[in-house]
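> One predicted model, sequence on top.
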Amino acid sequence: MTQGAEVPSAGALGSPAGLVWRWRARRGLILEALGVAWLPWLTARIITLFALGLAKYEVKHFHITDSKAVLESHDGLLGSDAGWYQTIAAHGYGALPRSAIRFFPLLPLLDRGLHDISSLTVGVASLLITNVAALLVGMGLYALVRYEWQDTLLARRAVWLIMLAPPAFVFVMGYSEALLVLLAVAFFLAIRRGNWWWAALFGYLAGTARPIGCLLVVPAAIEVIRSWRADRWGRWPGKLAAIASSVAGTVTYLGWVSATFGGFLEPLKIQQQQGHHGALTDPISTMYHALANLAHGHHIGDALHVPWIGVAAILIVVLAPARVLRSVRLVRRGRCAVGLQPRLVRALRAQCLPSRDGRCNPAAVGPGRDRHLCAVRRRSGALRRLGLSGGLRSLTPGAVWIEGVVTHVPPHRGRRWRHVLPTGAGAHAPSGPPR
């Protein structure tokens, strides 16, 4: 978006010019998210393919005879569960053992659809869908974190973390996790922006992707309860649809299984058999038994997770106090700034109207009022992480989160600025829309 572009007024956002402006803004965000996500996405694939090549080398040169290791290295990115999804897409559930119904149908349906409309094999179609979905996961997560915290650095770190976390190798293989996470990210973006019908669509598809997709009912209910006073009653059908959508998707597949194979909960029961995932257990007892088996010389198993749990606990102990102290300091500085600027607060209440999501919207300033705005640097969002910004924001309705000193903050290179706070007649309005 160029700095010289005109910001359409609040009433003109639905006009053709307003739609063009909104599309350009979204296009800029899409390109920005793609520029952030492609490198961690590519790095994850390089690491996973290197590990696969190393496994094939070990099987070939060290004469490993374990049948499972040989089979997994031979199947490569379509091994294990990815092979089940590929076979279901090629032949359907009826041609496979009954245990195949524990794999939910969204990925096989997409694989088969892409195979039918193109010359790709089912396996290649599956890898293409999952890897494109993984790239979209990175882009969507960047947009979500940037929208919630207004912190570009935090959004970049989130993308790197989700791409390089140890379990993220499934985003490279023909698994359905990439689809589920993509739908979950899209679901969160939709409910936070108030697009309830889109959220209902994403939630329904997530319920058909994996069994845990139905858990999206929890954040949807929380968001509806949190905003039930702010929205009009005409939006409640969409809200209720968003709440019920993920459960409806899961129930749709389970109902089809019940009508075709018998047994409404059969996929979940098969998944909990000892030969597959096993029964549900609490993590403390699981770690205890894993350490006991390790102490008695048995297979290491789940004890591999213990060192990472220890590392996470150490990081929490070391980093949490520093974060809390920094946030408390920001709270005090913000309160002092509010107390020292009563005229500025009154100007905010008189001139700056809030947008739908509570942020100051320069385009929504009423006719006949001053639209002179001053630039205020926005901090990284430490206050909001602790839930402490609500009290400060209530002091200045229509303003953004007051995180640090509100006025007279010296500029820093590489930091984002927002034109949000109105001042006297000596200021000048920005030439372009807020970015």
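Noted; the coordinates are in hand.
> From Ser176, how far out is Val217?
According to C-beta to C-beta, to the nearest Å, Val217 and Ser176 sit 19 Å apart. For glycine as for every other residue, the C-beta is placed from the backbone atoms N, C-alpha and C.
> Looking at the two, which is more packed in?
Ser176 (26 against 19; other C-beta atoms under 10 Å).
> got the contact list for the more buried one?
Asp81, Tyr85, Phe103, Phe104, Leu106, Leu107, Thr130, Ala209, Arg210 (C-beta atoms under 8 Å, 6 or more residues apart in numbering).
> Return the helix or strand in the chain with minimum mean pLDDT.
Across the helices and strands of the chain, mean confidence by mean pLDDT, DSSP states H and E is lowest for helix 389-395: a mean of 32.
> And the strands in the chain?
Residue ranges of the strands in the chain, as given by DSSP state E, are 373-377, 417-422.
> what is the rounded mean pLDDT of the first one?
Per-residue pLDDT over strand 373-377 has a mean of 36.
> same thing with stretch 147-162?
Here the average pLDDT along stretch 147-162 is 93.
> buried stuff in it?
Buried residues in stretch 147-162, counted by 16 or more other C-beta atoms under 10 Å: Glu148, Trp149, Gln150, Asp151, Thr152, Leu154, Ala155, Arg156, Ala158, Val159, Trp160, Ile162.
> hang on, isn't the second one packed against Ala155?
Just to be clear, that refers to Trp149. Yes - with contact defined as C-beta atoms under 8 Å, Trp149 counts as touching Ala155 (7.4 Å).
> Next step: the contacts of Ser176 restricted to helices.
Among the contacts of Ser176, the members falling in helices (DSSP state H) are Asp81, Tyr85, Leu106, Leu107, Thr130.
> JSON lines for the residues you listed, including pLDDT?
Shown next, in JSON lines, are the ones in helices among the contacts of Ser176 (pLDDT from 0 to 100):
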{"residue": "Asp81", "pLDDT": "92"}
{"residue": "Tyr85", "pLDDT": "96"}
{"residue": "Leu106", "pLDDT": "97"}
{"residue": "Leu107", "pLDDT": "97"}
{"residue": "Thr130", "pLDDT": "97"}
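> quick check, nearest of those residues to Lys239?
Each of those was scored against Lys239 by C-beta to C-beta, and Leu106 proved nearest at 24.0 Å.
> What's the local residue count around that closest one?
When neighbours are counted by other C-beta under 10 Å, Leu106 comes out with 22.
> how close does it get to Arg26?
Distance of Leu106 to Arg26, given as C-beta to C-beta: 26 Å.
> Kindly report the same for Leu109.
28 Å.
> same thing with Leu54?
42 Å.
> Please list the residues outside stretch 256-273 that contact it.
93, 98-99, 101-102, 104, 211, 253-255, 276-280.
> Determine which two of these are furthest apart.
Using C-beta to C-beta, the two most remote members of the contacts of stretch 256-273 are Gly255 and Gly278, lying 25.7 Å apart.
> so who does Pro307 touch?
Pro307 touches nothing, counting by C-beta under 8 Å, 6+ apart.
> Need the pLDDT of it.
Note for Pro307: predicted pLDDT of 82.
> Same check on Leu291?
We have a pLDDT of 79 for Leu291.
> and what of Val70?
Val70 carries a pLDDT score of 88 in this model.
> Surely it touches Val59?
Yes - at 5.6 Å, Val70 and Val59 qualify as touching, with contact defined as C-beta under 8 Å.
> neighbour-wise, which of these two wins?
Applying other C-beta under 10 Å to Val70 and Val59 shows that Val59 carries more neighbours, namely 18 against 15.
> Was I right to think that one contacts Ala69?
Yes - taking C-beta under 8 Å as the definition, Val59 is a contact partner of Ala69 at 6.4 Å.
> quick one: pLDDT of Gly398?
For Gly398, the pLDDT comes out at 32.
> Please apply the same query to Arg102.
What the model reports as pLDDT for Arg102 is 94.
> need the contact list for it.
Pro267, Leu268, Ile270, Gln271, His276.
> Which single one of those residues is nearest to Gly76?
The nearest member of the contacts of Arg102 to Gly76, counting by C-beta to C-beta, is His276 at 21.9 Å.
> Identify the residues contacting that closest one.
Contacts of His276 (C-beta under 8 Å, 6+ apart): Ser99, Arg102, Ile270.
> how many neighbours does Ala25 have?
Using other C-beta under 10 Å, Ala25 has 15 other residues around it.
> measure it to His277 for me?
44 Å.
> what's the answer for Tyr288, then?
Taken as C-beta to C-beta, the span from Tyr288 to His277 is 19 Å.
> how far away is Gly275 from Ser99?
From Gly275 to Ser99 the distance is 9 Å (C-beta to C-beta).
> Those two: which has the busier surroundings?
The neighbour comparison of Gly275 against Ser99 (other C-beta under 10 Å) goes to Ser99, with 15 against 7.
> Look up the closest residue to the more buried one, ignoring the ones flanking it.
Once flanking residues are discounted, Ser99 sits nearest to Ile270: 5.3 Å by C-beta to C-beta, 6 or more residues apart in numbering.
> Give me the helices and strands touching the biggest helix by length in the chain, please.
Longest helix in the chain, counting residues (DSSP H): helix 16-61. When contacts are defined as 3 or more C-beta pairs under 8 Å, 6 or more residues apart in numbering; DSSP states H and E, helix 16-61 packs onto helix 67-75, helix 122-149, helix 152-164.
> relative to helix 122-149, how tilted is it?
130 degrees (axes from the mean of the first three to the mean of the last three C-alpha atoms, to 10 degrees).
> Cheers, nothing more for now.
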